[in-house]
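Enquirer: Fold the following.
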Amino acid sequence: LQLVESGGGLVNSGESLRLACATSGRDLDIYMIGWFRQAPGKDREGVSCIVGSRSSDTRYADSVKGRFTISLDDTSRTVYLEMNNLESGDTGVYYCGARAWGSRDTCVLGVRAINYWGQGTPVTVSS
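Expert: Take a look at the predicted model:
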């Protein structure tokens, strides 16, 4: 599975961005796909995830609940992260990650669970 992120940029607090993770390779219904971010000097952390076979099955970090929305477009094989009301604390490099997922459980936000990574796209929120 190959992952390529896009959509990052520089915005002001309160503004919005939509990130895209274009995938290629095997069908997404055998994976869980997530968005992760790494702020300068900090560890990478999970932001949101979605189960490829059950697009209504999503999870969000507490810090982004109500502001971010993850979605999957089967036709284009793309996973989106809609980010609204951005804050300076959202600044970082955003990575798309995935792992094979045959479980009926909800997806997980643990970085160590991920087998496939994209190259990342930077997001800077200016206050």
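
Enquirer: what's the residue most central in space within the chain sitting at in phi/psi?
Expert: Centroid-nearest residue in the chain: residue 35, 1.9 Å away (criterion: CA atoms, centre = their mean). Backbone torsions of residue 35, given as degrees, to the nearest 10, read phi -110, psi 130.

Enquirer: doesn't residue 93 make contact with it?
Expert: No. Judged on CB atoms under 8 Å, residue 35 makes no contact with residue 93 at a distance of 11.2 Å. In short, each C-beta sits where N, CA and C put it, glycine included.

Enquirer: looking at the chain, which helix or strand does the model trust least?
Expert: Of all helical and strand segments in the chain, the minimum by mean pLDDT, DSSP states H and E falls on strand 54-60, at a mean of 93.

Enquirer: what helices or strands is that strand leaning on?
Expert: Using 3 or more CB pairs under 8 Å, 6 or more residues apart in numbering; DSSP states H and E, the elements in contact with strand 54-60 are strand 45-51, strand 68-73.

Enquirer: mind redoing it with 6 Å?
Expert: With contacts taken as 3 or more CB pairs under 6 Å, 6 or more residues apart in numbering; DSSP states H and E, strand 54-60 sits against strand 45-51.

Enquirer: Can you verify my assumption that the residue nearest to the centre of the chain contacts residue 48?
Expert: Yes. Counting by CB atoms under 6 Å, residue 48 is a contact partner of residue 35 at 5.1 Å.
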